[in-house]
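Asker: give me the fold of what follows.
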Amino acid sequence: MENLASYGFAILVGFALSAACGLRIFAPLAMVSIGLHFGWINPGPGFAWLGSLPAMVCLSCACVVEIFGMLIPWLDHALDVAGAPIAALA
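Answerer: Alright, predicted model coming up:
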């Protein structure tokens, strides 16, 4: 249970930092995932899963959707509506 709490706290800190920097939620996580996958970053023992291929693919796809969201107005609005609760928590 303690590991679950530390993972949850780390994820919430990542969301808060990305929201504070003005980035979308998945951009920093996708960059870290790519860095971990290619060995550019050495992860702690609890973050090794972030460098796995499925995590990298999912986060990269989510990042691409967010980038297209900046170009397509209705998609941007949908992402803003979906991200409003997370921004309130940050």
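
Asker: how many residues are close by the spatially closest residue to P43 that is not a sequence neighbour?
Answerer: Closest residue in space to P43, ignoring its immediate chain neighbours: L36 at 5.3 Å, by C-beta to C-beta, 6 or more residues apart in numbering. All C-beta atoms are positioned from the backbone trio N, CA, C, and that covers glycine. Look at L36: counted by other C-beta atoms under 10 Å, it has 20 neighbours.

Asker: please identify the helix or strand for L36.
Answerer: Taking DSSP states H and E as the definition, L36 sits inside helix 26-37.

Asker: then that helix to CSV, C-alphas only?
Answerer: What follows is helix 26-37, C-alpha atoms only, in CSV (Å, rounded to 0.1, in the frame of the first residue of the first chain):
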residue,chain,number,x,y,z
PHE,A,26,1.2,13.8,-21.4
ALA,A,27,4.1,15.7,-23.0
PRO,A,28,6.5,15.5,-20.0
LEU,A,29,5.6,11.9,-19.3
ALA,A,30,6.1,11.0,-23.0
MET,A,31,9.6,12.7,-23.0
VAL,A,32,10.6,10.8,-19.9
SER,A,33,9.3,7.5,-21.3
ILE,A,34,11.3,8.0,-24.5
GLY,A,35,14.4,8.9,-22.6
LEU,A,36,14.1,5.8,-20.3
HIS,A,37,13.4,3.5,-23.3
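
Asker: what does it contact?
Answerer: Contact with helix 26-37 is made by 14, 17-18, 21, 40-41, 43, 47-48, 50-53, 55-56, 59-60, 62-63, 66, as judged by C-beta atoms under 8 Å, 6 or more residues apart in numbering.
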